[in-house]
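In: sequence and predicted structure are below.
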Amino acid sequence: MECISVFDMLKIGVGPSSSHTLGPWRAAERFIKELTGSGKFDRVTGVRVLVYGSLSLTGKGHATDLAILMGLSGADPERVPIDEVAGVIGDIRKNKRLKLGGLRDIRFEESENLIFLKKFLPFHANALTFEAFDEEKRLHRETFYSIGGGFVVKKERVSARKKAVVFQTFPYPVQSGSELLSYCRELGQPISQVVWANECAIRTPEEINKGLDRIWATMLESIFEGCHRPGELPGGLQVRRRAPEIYKNLKGDLPYTSTEQWLQTIRSTEVKFRQILKWVSCFAISVNEVNAALGRIVTAPTNGSAGVVPAVLMYYMVIENHQAGAEEVRQFLLVAGEIGSLFKKGATISAAMGGCQAEIGVSSAMAAGALTELLGGTPEQVLCAAEIAMEHHLGLTCDPIAGLVQVPCIERNSMGAIKAINAAELALESDPAMAKVPFDKVVQTMWETAKDMNAKYKETSQGGLAVGVNLSDC
């Protein structure tokens with residue numbers, strides 16, 4: 001039983017991976033905080049980082065090395081200017097020096113101080129150990145686990161115990177879909193209002209609205225940037241950005257000078273079925289092309305699946321409801337975040353533990369449920385939509401080519417967004433009482449499927465497309 005806020009599920013960060021980039025970055029920050037709190041920081045003359053398991057096998061393709069260096073340097077992934085990252089990394093590699101926490105200059109040679117090991121630690125597939133030394137001995141050692149969605153824990157889960165206390169302060173503590181529906185029926189309120197009441201137990205209404213608005217602004221900016229930045233993605237696969245061309249063909253010559261005019265431009269374009277499909281795909285692909293290029297996006301619930309939720313929300317705003325504004329956006333994000341938290345509590349949102357069903361599957365369920373509420377669905381229909389979306393992602397493997405969040409990851413966001421819209425429409429035309437698969441059962445089934453899945457299909461680049469495609473053909 002632990003508190004998972006909407007702001008835990010929807011976090012602003014840097015691509016390309018929440019578990020392999022954002023998580024290690026946050027782990028490095030936590031390590032420095034521990035050093036400072038213990039009074040040992042000013043004695044440190046060197047650090048070493050050991051990277052294990054899935055983090056090691058696909059880490060460099062997911063920029064794990066860059067994330068660790070940035071985290072050790074004291075940069076905040078939520079606010080660091082993206083165009084400064086390359087310069088910081090370049091200076092470290094050129095000078096073989098690192099400014100620990102942005103304050104203490106130490107020697108740092110990657111080949112000696114950042115070591116990738118194929119060994120898996122038993123607690124979780126994504127593990128990394130930080131060590132700090134003075135001139136004579138090791139001062140501090142700690143192991144962290146990046147468990148998906150940017151969440152970082154230690155084996156003893158001290159933070160989880162703290163969150164369990166916060167959980168009990170929620171007026172409506174929720175651990176499962178059935179509990180959530182029980183509160184909705186008791187109160188006669190939609191899911192978004194139950195989530196809102198819980199969030200108000202730990203933040204002021206003003207803080208919640210400001211935070212949700214900032215999340216949406218970041219999502220919108222990632223869509224906008226992805227639609228306007230042509231070229232080739234980094235990493236060596238020579239993947240061409242497709243969103244700008246799709247967008248150009250869809251919008252035509254309509255002019256705009258601001259984001260608001262841009263939204264109006266999209267709203268005024270032709271909306272035949274094929275155009276709707278293309279718009280949704282464009283929105284989803286644009287976000288994940290930004291993510292693949294180490295841009296700023298919102299985990300929803302992960303970086304690799306970051307395009308689904310904003311694409312479906314944009315679909316609602318530019319296709320379904322041209323009058324939609326801040327209130328609808330907040331409502332959507334509250335519902336999406338809650339559905340994501342139920343999967344995290346009952347299963348996993350880590351591809352290294354559950355394959356891509358834990359990323360695209362969960363994001364599609366989040367978007368489907370949130371869209372259903374905005375379209376007037378009941379709480380039962382909301383969870384029905386989420387169940388349908390996940391049901392048709394069960395068993396989806398994570399097999400990134402060359403360890404890069406590009407192929408097949410970017411296209412999967414488009415598929416997940418389309419499935420989410422389809423799931424919402426099916427749920428709105430259904431009687432949830434007649435559903436054969438309850439929401440909680442699909443969560444349980446996803447976790448059982450994850451445990452049964454062969455390890456090579458869990459973000460290791462050791463199976464599926466990752467080995468089936470010849471890189472020389474790319």
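Out: Thanks, I have the structure now. Numbers count the residues shown, from 1 in each chain.

In: just checking, residue 378 touches residue 433?
Out: No - if you go by C-beta atoms under 8 Å, residue 378 and residue 433 don't touch, sitting 10.7 Å apart. Any C-beta I mention is one placed from the backbone N, CA and C, and that applies to glycine too.

In: more neighbours: these two, which one.
Out: residue 378 (18 against 7; other C-beta atoms under 10 Å).

In: contacting residues for the more buried one?
Out: By C-beta atoms under 8 Å, 6 or more residues apart in numbering, the contact list for residue 378 reads residue 432.

In: from residue 25, how far off is it?
Out: Separation of residue 378 from residue 25 (C-beta to C-beta, to the nearest Å): 40 Å.

In: centre of the chain to stretch 457-474, how far?
Out: On the basis of C-alpha atoms, centre = their mean, to the nearest Å, stretch 457-474 sits 22 Å off its chain's mean C-alpha point.

In: that stretch: which residues count as buried?
Out: 457-464, 466, 469 (16 or more other C-beta atoms under 10 Å).

In: what does stretch 223-230 give?
Out: 223-227.

In: how about the residues you listed in JSON lines, adding pLDDT and secondary structure?
Out: Shown next, in JSON lines, are the buried residues of stretch 223-230 (pLDDT from 0 to 100; DSSP: H, G, I helix; E, B strand; the rest coil):
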{"residue": "223", "pLDDT": "97", "secondary structure": "helix"}
{"residue": "224", "pLDDT": "95", "secondary structure": "helix"}
{"residue": "225", "pLDDT": "96", "secondary structure": "helix"}
{"residue": "226", "pLDDT": "97", "secondary structure": "helix"}
{"residue": "227", "pLDDT": "96", "secondary structure": "helix"}
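
In: ok, these vs residue 439, which is closest?
Out: Closest approach to residue 439 among those (C-beta to C-beta): residue 223, at 28.8 Å.

In: and the one helix or strand residue 389 maps to, what does it pack onto?
Out: Element membership for residue 389, per DSSP states H and E: helix 379-391. Packed against helix 379-391 by the contact rule (3 or more C-beta pairs under 8 Å, 6 or more residues apart in numbering; DSSP states H and E) you find helix 177-187, helix 326-346, helix 360-374, helix 409-428, helix 439-452.

In: pretty sure residue 252 sits against residue 269.
Out: Yes - counting by C-beta under 8 Å, residue 252 does reach residue 269; the two are 7.2 Å apart.

In: which one's more surrounded, the two?
Out: residue 269 (14 against 9).

In: got the contact list for stretch 262-281?
Out: Stretch 262-281 has contacts (C-beta under 8 Å, 6+ apart) with 224, 246, 249-252, 254-256, 311-312, 314-315, 317-319, 322, 414, 417-418, 421.

In: list the residues that contact residue 240.
Out: Residues near residue 240 by C-beta under 8 Å, 6+ apart: 231-233.

In: that's a strand at residue 152, yeah?
Out: Yes - the assignment for residue 152 is a strand, going by DSSP: H, G, I helix; E, B strand; the rest coil.

In: ok, it touching residue 144?
Out: Yes - the pair residue 152 and residue 144 passes the contact test of C-beta under 8 Å, sitting 5.3 Å apart.

In: what do those two both touch?
Out: Joint contacts of residue 152 and residue 144 (C-beta under 8 Å, 6+ apart) are 23, 27, 30.

In: out of those, which is most surrounded?
Out: Among the shared contacts of residue 152 and residue 144, residue 23 has more neighbours than the rest - 32 neighbours, counting by other C-beta under 10 Å.

In: who's in contact with it?
Out: Residue 23 neighbours (C-beta under 8 Å, 6+ apart): 126, 144, 146-148, 150-152.

In: so how far does stretch 77-86 reach from one end to the other?
Out: By C-alpha to C-alpha, to the nearest Å, the extent of stretch 77-86 from end to end equals 13 Å.

In: try stretch 372-385
Out: 7 Å.

In: pLDDT on it, on average?
Out: Stretch 372-385 shows a mean pLDDT of 98.

In: check stretch 86-93 too.
Out: 96.

In: now tell me what touches that stretch from outside.
Out: Contacts of stretch 86-93 (C-beta under 8 Å, 6+ apart): 66, 69-70, 73, 75, 97-98, 108, 110.

In: try it again at 6 Å.
Out: 66, 69, 73, 98 (C-beta atoms under 6 Å, 6 or more residues apart in numbering).

In: residues contacting the second one?
Out: With contacts defined as C-beta under 6 Å, 6+ apart, the neighbours of residue 69 are 89, 92.

In: in what helix or strand does it lie?
Out: helix 64-72.

In: and the protein, what are its domains?
Out: The record assigns the chain these domain ranges, following automatic domain parsing: 15-154, 170-467.

In: could you identify which of those is most buried?
Out: The highest mean neighbour count among those, using mean count of other C-beta atoms under 10 Å, belongs to domain 170-467: a mean of 21.

In: quick one: distance of that one to the chain centre.
Out: Per C-alpha atoms, centre = their mean, the centroid offset for domain 170-467 relative to its chain is 10 Å.

In: same check on stretch 58-78?
Out: 16 Å.

In: ok so, going back, now the shared contacts of residue 152 and residue 144 in TSV, with distance to residue 195?
Out: Below are these laid out as TSV (distance: C-beta to C-beta, whole Å):
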residue	distance to residue 195
23	25
27	28
30	27
